[in-house]
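Chemist: this one's sequence-less:
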């Protein structure tokens, strides 16, 4: 295992709930209270589709982790990484400013026999034009528990994660 891949798991920490998508929905009422996500980290891609949310943006909402994590969801990563979201992140939106904020994202990443748990708080997201796609601002996730091989924290660059509400 290359330790350099673990920064990807940490970036995944924040992005798992909030990954990007390939299409976007115009502003205004959304239809089905769902969230698609994708993140590319250290050459590995993690994706999920149709996670359930408690409301539609711009209303405050939470994301149901059981609809992201398998077996109830379809979170999948290539490159030998697996991940599990440990909380139901809450999002708030400021449509006038074109931003969103996630309160806490708590995730465990595994590669081979090594497990690392990370948390990121107050993650800011910029809306992509007039869509319901949001792209992350830079953030740092800190290690909560796991192997001594896990880094203490990892910073995720702006634009490394995105989310699409639909």
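Modeler: Good, I have the coordinates. Here the structure is a predicted model, which means the values were calculated and not measured. Numbering: from 1, shown residues only.
Chemist: which SS state does residue 66 fall under?
Modeler: Under DSSP: H, G, I helix; E, B strand; the rest coil, residue 66 falls in the helix class.
Chemist: Report the separation between the closest residue to it other than its chain neighbours and residue 129.
Modeler: The shortest distance from residue 66 to any residue other than its chain neighbours is 4.5 Å, reached at residue 72 (C-beta to C-beta, 6 or more residues apart in numbering). Any C-beta I mention is one placed from the backbone N, CA and C, and that applies to glycine too. The spacing between residue 72 and residue 129, counted by C-beta to C-beta, to the nearest Å, is 32 Å.
Chemist: Which residue of those two possesses the greater neighbour count?
Modeler: residue 72 (13 against 9; other C-beta atoms under 10 Å).
Chemist: and that one, that one's in a strand?
Modeler: No. Counting by three-state DSSP, residue 72 is located in no strand; its state is coil.
Chemist: all helices of the protein, in order?
Modeler: 6-15 (DSSP state H).
Chemist: ranges for the strands of it?
Modeler: If you assign secondary structure with DSSP state E, the strands in the chain sit at 34-41, 44-52, 61-62, 76-77, 81-85, 90-94, 99-111, 114-127, 133-136, 139-146, 153-156, 161-165.
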